[in-house]
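In: I would like the atomic coordinates for the input below:
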Amino acid sequence: MQINDRFKLIATLGVLVVGLITSGCGSQQAAPKPAIPEVAIVTVNPERVVLTTELPGRTSAYFVAEIRPQVNGIVQERLFNEGSDVKAGSVLYRIDPAPYQAAYNNAVAALAKSEANLPPIRLKAERYRELVAVKAISQQDFDNADAALKQAEADIDYSKATVESARINLGYTRMIAPVTGRIGKSNVTVGALVTAYQPMALATIQQLDPIYVDVPQSTTELLRLQGRLEEGRLHNGGNNQSKVRFILEDGKTYPLEGTLQFRDVTVEPTTGSVILRVVVSNPKGLLLPGMFLRAVVQEGINNQAILIPQQAVSRDSKGNPVALIVDGESKVGQRILTLDRAIGDRWLVASGLAPGERVIVEGIQKVRPGAAVKVVPFQEGGTSGAAPKKTPQPAPKSN
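Out: Numbering: from 1, shown residues only. All right, here's what the predicted structure looks like:
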């Protein structure tokens, strides 16, 4: 009996072991299949984009007039406040006019003397003309009288020119503002001796409304832009093509737009760039000469631009930009891209994507090319339908 009980016990244990093994195999067979990863995608749709480029620029005055004396003399009076706005025609300096007034008076008197001598000489020449016709006087006497008349007339013309020159020099003692603008500091004081056309300017007037903005553009960028226009990838924006916006040094946008006036035809050899000259209104005097700012210049219009979120682009081991797409069979594919530039929070894609393709924006880290995925639409702001919203739980009440 003891032997039979031992055999029964062994048989029972064997049955239990087999049952456990069978149960384990069943549990492995019943394990759930791995979940298909979920990704958020955007569908590539061409859109119309106005392409612009930001270039550094520096302001310069619309007109610059350096005030220099045109006669010698002592500065007798300064008639402006430094740093103030002056109008064209206003008197800035007054040079002692006494010697020039005397020269003018002398010239006027000489002219009067010459005019007083003319009538008797003219009458004598007319009488001699009649007498020489009847041979009452010799031809030599008439020639002398006629020459004296011409000399008297020439003396009058010379005196008139002298009077005009003296009048001009007398006027130059009042130094007039040639343009309207803002005048800087004065380099001379009352009582200073100045000379005609001296190298040092007495003061400088700058017209600030409107004002110029000189923007350098590299010849490489210029050639690239021209090539795109010729290939038809960009289109001219018409009148808006010449409009330029400005960003100030503090990051604020200047409220008024400028107009592209011309592009220089000479390349600066040290920088390899040409100058774009823009003119912009400056009614409040916010822009000052020499100020740095950034000019937003319109390049053209791309009617078939492909834009994708920047987070949809990664880099491969060689540093090439790549994007993952979902094909018609819901499998992941890879595209090598050529990027043009960043526009806001999106990349402008030059090549590598076709209209209608679905680009993965979120969930890139959990998929590989060839894997099957489930797609949901990507929502702007970085939130997609892939993540369920959590309902906030109420805080427990304290006793």
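In: any low-confidence regions in the stretch 201-350 of the chain?
Out: Along the stretch 201-350 of the chain, segments meeting pLDDT under 70 span 228-241.
In: And the strands in it?
Out: Per DSSP state E, counting those that start in this stretch, the stretch 201-350 of the chain carries strands over the ranges 203-218, 243-247, 258-263, 273-280, 292-309, 314-315, 321-326, 332-336, 338-343, 346-351.
In: quick one: the third one to strand 292-309, angle?
Out: In this case it means strand 258-263. 100 degrees (axes from the mean of the first three to the mean of the last three C-alpha atoms, to 10 degrees).
In: pull the CA atoms of strand 258-263 into CSV?
Out: Extracted C-alpha coordinates of strand 258-263, given in CSV (Å, rounded to 0.1, in the frame of the first residue of the first chain):
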residue,chain,number,x,y,z
GLY,A,258,10.2,103.1,-47.6
THR,A,259,10.5,103.0,-51.4
LEU,A,260,13.5,101.4,-53.2
GLN,A,261,14.9,104.2,-55.2
PHE,A,262,17.8,102.5,-57.1
ARG,A,263,20.3,99.6,-56.9
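In: and for it, what are the contacting residues?
Out: With contact meaning C-beta atoms under 8 Å, 6 or more residues apart in numbering, strand 258-263 is reached by 212-213, 217, 241-246, 274-280, 295, 297. Placement of C-beta: from N, CA and C, glycine included.
In: Mark which of the residues you listed are buried, thanks.
Out: 212-213, 217, 241, 244-246, 274-280, 295, 297 (16 or more other C-beta atoms under 10 Å).
In: other SSEs contacting the lengthiest strand in the chain?
Out: As assigned by DSSP state E, the longest strand anywhere in the chain is strand 47-67. Under the contact definition 3 or more C-beta pairs under 8 Å, 6 or more residues apart in numbering; DSSP states H and E, strand 47-67 sits against strand 181-183, strand 203-218, strand 273-280, strand 292-309.
In: Convert the C-alpha atoms of the helix or strand that it is followed by to CSV, please.
Out: Downstream of strand 47-67, the first helix or strand assigned by DSSP states H and E is strand 73-78. Provided in CSV are the C-alpha atoms of strand 73-78 (Å, rounded to 0.1, in the frame of the first residue of the first chain):
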residue,chain,number,x,y,z
GLY,A,73,35.9,138.8,-43.0
ILE,A,74,35.1,138.9,-39.3
VAL,A,75,32.0,137.0,-38.1
GLN,A,76,29.8,139.7,-36.7
GLU,A,77,26.7,137.7,-35.7
ARG,A,78,25.4,134.1,-35.5
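In: and for the following helix or strand past strand 73-78, what are the contacting residues?
Out: Going down the chain from strand 73-78, the next helix or strand is strand 85-86, by DSSP H and E. Strand 85-86 has contacts (C-beta under 8 Å, 6+ apart) with 80, 92, 177, 180, 181, 182, 183, 205.
In: measure the last one to residue 248 for me?
Out: I take that to be residue 205. Distance, residue 205 to residue 248, using C-beta to C-beta, to the nearest Å: 25 Å.
In: With the fifth one instead?
Out: For residue 181, the distance to residue 248 under the criterion C-beta to C-beta works out to 22 Å.
In: Name the residue in the two with the higher neighbour count.
Out: residue 181 (22 against 14; other C-beta atoms under 10 Å).
In: Just the pLDDT at that one, thanks.
Out: pLDDT for residue 181: 92.
In: and if you look at the one 10 residues further on?
Out: What the model reports for residue 191 is a pLDDT of 94.
In: I'd assumed it was in a helix, is it?
Out: No. Using DSSP: H, G, I helix; E, B strand; the rest coil, the secondary structure at residue 191 is coil, not a helix.
In: and it, how many neighbours?
Out: If we define neighbours as other C-beta under 10 Å, then residue 191 has 9 of them.
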